[in-house]
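J.: make a model of this:
(2 chains)
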Amino acid sequence: MRLILANTAGYWALGALLVVLAIHLFQQQAKRVTISTLFLIEHNSPVDADGRAIDWIRASVPLFLQLLAAAIIAWLLLEPRWLSINSTQYVAVVLDSSLSMSAFRDRVSELLPPALGKFERTAEKVEWLLTDSNPQGKILYQGESLPQLLAAIESWQPSLGSHDIAPALREARSATGQDATMIFVSDKMQKLPTGVSLFAVGEPLDNVGFTGVNIAAADGQLEWEAMVVNHGASLQNRRWHLEIAGQQTAAREISLNAGQAETLRGVFPAGATEMQVVLSGDRFESDDRLPLVSPQKKQLRIRIAVDAPMPEFFKRFYSIYDELQTVGALHASDLVVRSISGSEKMPEENGIYFTYRRQEGGPRRRGAAVGANHPLVEGLSWYGLTAGSLFPLRPAADDSTLVWLDGEPAVILRQSAEHRQLLFNFSPLESNVRRLPAFVILLHRFTEEIRARKTGQRRTNLEFNQTVGLSVDPEGPEIAAIITEAGSGKITQGSLSARDAPFLRAPAMPSYLTIKQGEELERHGVHFADAREANLSGAVFHDGTADAAARLSLENSEEDALFPLWLTLLAAALLFSWHYIGRGKMPEGVRL
Amino acid sequence: MLPPRTELLEIEARTRTIAGQLRLALRDTAWQGRSGGWLGAGTGNSLEFQDHRPYFPGDNPRYINWSAYARTDHYSMKLYREEVSPKVDLIFDSSASMFFAPGKAQRSWELLFFCAQSAGFSGCSVRIFFPRTGAAGAGQPVEMGLDGLLGGIPDTAAANLLADSSSGGPPELTALRLRYGSLRLLVSDLLFPGSPQPIIHFISGGRNRAMLLVPYCAEECDPPWYGNTTFIDCESKKERRQLVHSGLLEQYRRSYARHFDLWTAACAGAAVGFARVDSAPALTDAFTADALKKGLIESCV
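T.: Numbers count the residues shown, from 1 in each chain, chains lettered A, B, ... in the order given. The predicted structure is shown next:
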């Protein structure tokens, strides 16, 4: 049906029908009239019963004419319009993927359908597009069916921390065109580009949750610290407990004033590698549970060659590392520290290499030392670096010079698919490099980079959507990623390729992530840590689409062409009703 | 019902003037009665020759037709029309409906005084009757002569007129002592149920002539009623609650017209003069509209 009613408030005018009926239903107080011709009346009509104020409605011409007039007035006030033939309206709905929306999923289901329903009658055909603000997100629904769009919304879950929504809005605009109506669904007020309406489904909530966790070894124990913050505007009481190996500790009370933070502390039980800290729930559930693992780095084997310069330095340097083993020459190692001549063929293994000292007491290069734009030397200052004047190593085509000294490559990074090598083009015995903090940090970064690239067992605690940094054997078995939801224990399993492994991100829910390639490689506890998303005190309800549907209906429709006819009928009904109510004329031909 | 004396005097004066211009049409009637100035139906002593007859012993020799005797040697008598004084019995319906509207009340009294004075000016013997319309035994009709009317209605008669004995029915004429051979002039609005025949027959039977002068007002023929109304009959005081709508009004107007159509037809069938007198205009204009056209009233000129 192409008919739309532009002013639904006109339905109130239908009350006039009841008024007309009531007027005709209730009898007026009878006037007392003395007459001389009562005998002429007595035989012409029935007598009204005495005492009743209400009588049956008598069908009369004025009654029907007045009902018709009231109906026509209501019809005109409803402002009927007809949708233009072949009119099409595009409506793009972009859902805010921020995690805070998870607290208002029920309000999305409750409030959004009627708001979108208003757009169904804005044109003869409405094309819908549903997407979310995830930059890597895909279109959730595109078509003409609003019920299917609403079903797609039901299966959608927000999963991001604070992020930029502009790219998603641009994508939606380019997919629907400049004339499309765009609606951004969020839980708080947003500054949106022109032409985008905001539909906010939030309401202020007092949320209490975890905002961060720290696990450190102390006195032979593994201690954990978790911060709890009251993001609300009033005093909040909660209860918390631990869950270890399926067992639950006694709950304890915690009271926090508005904005107050408190740190919960504890110790990993001996022998336990996993535990959960659980807070009594509220509507934002993401920050109410901390799935933790006892951190474990990949085991790294270091070999300090006999010709390595400063062997004591390196032994001391690597002694503070966790999960690092110093091995001898007969054992396989992940990283070697040694000296090279510069002319010999480079060994095929990860390592930190120094050239031999060339000149005892010879001239030193003291020129400007500049670090390259590379993550290994980012933020490091090499000011004051001096080194022997002879730099025997020449960078190959694929090498990266990390540090320049006096215009010459002083530190080179050589990497291939199998190994990485950090090459110092001078001997530390001919240099003051060991006194530079940048040297120590570079060694640390390179060592951790070797560890990260190594395949091995690891346990870490990750935040939602954090890059896992997964390193797998590209020639090995299939890689499986298993997500176990904390609390419910629901398991979701998937596979990924070795090519996608480095880009794997932690899920956006309190959970455990297990990576297997044949055997279990890595186990991670995933917890919420974006405090900006946990503060729901600014959530509001706002309907910026209230006028949009009405405006679109007017644009895509035409006025009722029969308007003059309705007016004429109304005037005729009123005039004839007045005529029948008023005094009539003597019949023709009746003699006095 | 009875207006103040001053008002009656004004009505009397006004109608006297009108009676000098218009009069009851009495000339085309063969009158009988006592000696007066009208030529009667019988033989009398006027100068107008009427007929011949043979002489019988004992006849007055003054009327022997000597011319005829000279020719025929037989005695014959000349007969002359008698001179009589016509009798007018004025019957005035004094029921409450005659006075229920001020205009109609004044018109009713005007008709009474006009008819009485016009008949008096014409040398008629006038007798005025106020019949009762109450239940049997509700009082005697009031009867008076012209002098009694013009000299002021006696207190006893006024008291009887003021007594509320109306039942809404027709006036009781059978109790009236109407004179034989009189002109029965009935002044009534005829607003009572029932057939016209009994009344028409009573007043026009035998050698009596009759005419009806019927006052009416606009409130009766075209009333402004609408909606819930409690009607109160002005005579019986009976109440009736009624929802008045346009359909009912239409039916009422037709019934009203039909009522007077019946009276008109009945009067025409009995050769009784019938004229309606509107209460709104002046009396002369009201007569002009109907009574003058029908010959019940004529100009004095």
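J.: buried residues, stretch A:472-485. List them.
T.: Going by neighbour count (16 or more other CB atoms under 10 Å in any protein chain shown), the buried part of stretch A:472-485 is A:472, A:479-485. All C-beta spots, glycine's among them, are computed from the backbone N, C-alpha and C.
J.: could you find the lowest-pLDDT member of those residues?
T.: Here the lowest pLDDT out of these sits on A:Val472, with 87.
J.: part of a helix, is it?
T.: No: per DSSP: H, G, I helix; E, B strand; the rest coil, A:Val472 lies outside any helix segment and is coil.
J.: pull out the buried positions in the helix or strand encompassing A:Tyr580.
T.: Using DSSP states H and E, A:Tyr580 sits within helix A:563-581. For helix A:563-581, the neighbour count (16+ other CB under 10 Å) marks A:569-570, A:573-574, A:576-577, A:580-581 as buried.
J.: average pLDDT across that helix?
T.: For helix A:563-581, the mean confidence score works out to 89.
J.: give me the pLDDT for A:Ala49.
T.: For A:Ala49, pLDDT reads 43.
J.: oh, I was asking about A:Leu112
T.: The score at A:Leu112 is 94. That number is its pLDDT.
J.: using CSV, write down the CA coordinates of the helix holding A:Tyr580.
T.: Extracted as CSV, the C-alpha positions of helix A:563-581 are listed here (Å, rounded to 0.1, in the frame of the first residue of the first chain):
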residue,chain,number,x,y,z
PHE,A,563,-8.1,16.9,-1.1
PRO,A,564,-10.5,19.3,-2.7
LEU,A,565,-13.1,16.6,-2.9
TRP,A,566,-12.8,15.8,0.8
LEU,A,567,-13.2,19.5,1.6
THR,A,568,-16.3,19.7,-0.6
LEU,A,569,-17.8,16.7,1.1
LEU,A,570,-17.1,18.1,4.5
ALA,A,571,-18.7,21.4,3.6
ALA,A,572,-21.7,19.6,2.1
ALA,A,573,-22.1,17.3,5.2
LEU,A,574,-22.0,20.3,7.6
LEU,A,575,-24.4,22.4,5.5
PHE,A,576,-26.9,19.5,5.1
SER,A,577,-26.6,18.7,8.8
TRP,A,578,-27.4,22.3,9.7
HIS,A,579,-30.3,22.3,7.3
TYR,A,580,-31.8,19.2,8.9
ILE,A,581,-31.3,20.5,12.4
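J.: for it, packing partners?
T.: helix A:61-77 (3 or more CB pairs under 8 Å, 6 or more residues apart in numbering or on different chains; DSSP states H and E).
J.: just the buried residues of stretch A:472-485 now: which is nearest chain B?
T.: Set against chain B, the nearest of the buried residues of stretch A:472-485 by CB to the nearest CB is A:Glu485 (77.5 Å).
J.: for the closest one, list each beta-bridge partner.
T.: Counting by DSSP bridges, A:Glu485 is bridged to A:Ser511.
J.: before we move on, what about B:Gly273?
T.: Bridge pairing for B:Gly273 - DSSP bridges - gives B:Met211.
J.: which residues sit in contact with it?
T.: The neighbours of B:Gly273, taking CB atoms under 8 Å, 6 or more residues apart in numbering or on different chains as the test, are B:210-212, B:267, B:294-296.
J.: could you look up the SS state of the closest residue to A:Glu522 other than its chain neighbours?
T.: Nearest residue to A:Glu522, sequence neighbours excluded (CB to CB, 6 or more residues apart in numbering or on different chains): A:Ile515, at 4.3 Å. State at A:Ile515, reduced to three classes by three-state DSSP: strand.
J.: quick check: A:Ile515 touching A:Asp473?
T.: No: the pair A:Ile515 / A:Asp473 is not scored as a contact, 11.9 Å apart, by CB atoms under 8 Å.
J.: relative to the helix-or-strand element of chain A with minimal mean pLDDT, what are the paired strands and their orientations?
T.: One helix or strand of chain A scores below all others by mean pLDDT, DSSP states H and E: strand A:364-365, with a mean of 74. Partner strands for strand A:364-365, per DSSP bridges, with pairing direction: strand A:387-388 (antiparallel).
J.: what's next to the helix or strand that the partner strand is followed by, contact-wise?
T.: Later in the chain than strand A:387-388, the nearest helix or strand by DSSP H and E is strand A:400-405. For strand A:400-405, the surrounding residues in contact (CB under 8 Å, 6+ apart) are A:365, A:367-372, A:374, A:376-377, A:382, A:385, A:387, A:395, A:409-415, A:422, A:442.
J.: in its sheet, which strands sit next to strand A:400-405, and in what direction?
T.: Short version: by DSSP bridges, strand A:400-405 pairs with strand A:369-371 (antiparallel), strand A:408-415 (antiparallel).
J.: quick one: mean pLDDT for the first one?
T.: Strand A:369-371 carries an average pLDDT of 92.
J.: likewise for stretch A:197-207?
T.: Stretch A:197-207 shows a mean pLDDT of 94.
J.: next, the buried residues of that stretch.
T.: Of the residues in stretch A:197-207, A:197-202, A:205-207 count as buried by neighbour count, 16+ other CB under 10 Å.
J.: so A:Arg2 makes contact with A:Leu83?
T.: Yes: counting by CB under 8 Å, A:Arg2 touches A:Leu83, with 4.3 Å between them.
J.: the more surrounded of these two?
T.: A:Leu83 (20 against 14; other CB atoms under 10 Å in any protein chain shown).
J.: what pLDDT does that one get?
T.: With respect to pLDDT, A:Leu83 scores 84.
J.: what about it, distance to B:Thr264?
T.: To B:Thr264, A:Leu83 is 70 Å away according to CB to CB, to the nearest Å.
J.: mind putting the contacts of B:Gly273 into JSON lines with neighbour count and pLDDT?
T.: Shown next, in JSON lines, are the contacts of B:Gly273 (neighbours: other CB atoms under 10 Å in any protein chain shown; pLDDT from 0 to 100):
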{"residue": "B:Ala210", "neighbour count": "24", "pLDDT": "91"}
{"residue": "B:Met211", "neighbour count": "26", "pLDDT": "93"}
{"residue": "B:Leu212", "neighbour count": "26", "pLDDT": "95"}
{"residue": "B:Cys267", "neighbour count": "22", "pLDDT": "93"}
{"residue": "B:Lys294", "neighbour count": "14", "pLDDT": "91"}
{"residue": "B:Gly295", "neighbour count": "12", "pLDDT": "90"}
{"residue": "B:Leu296", "neighbour count": "19", "pLDDT": "91"}
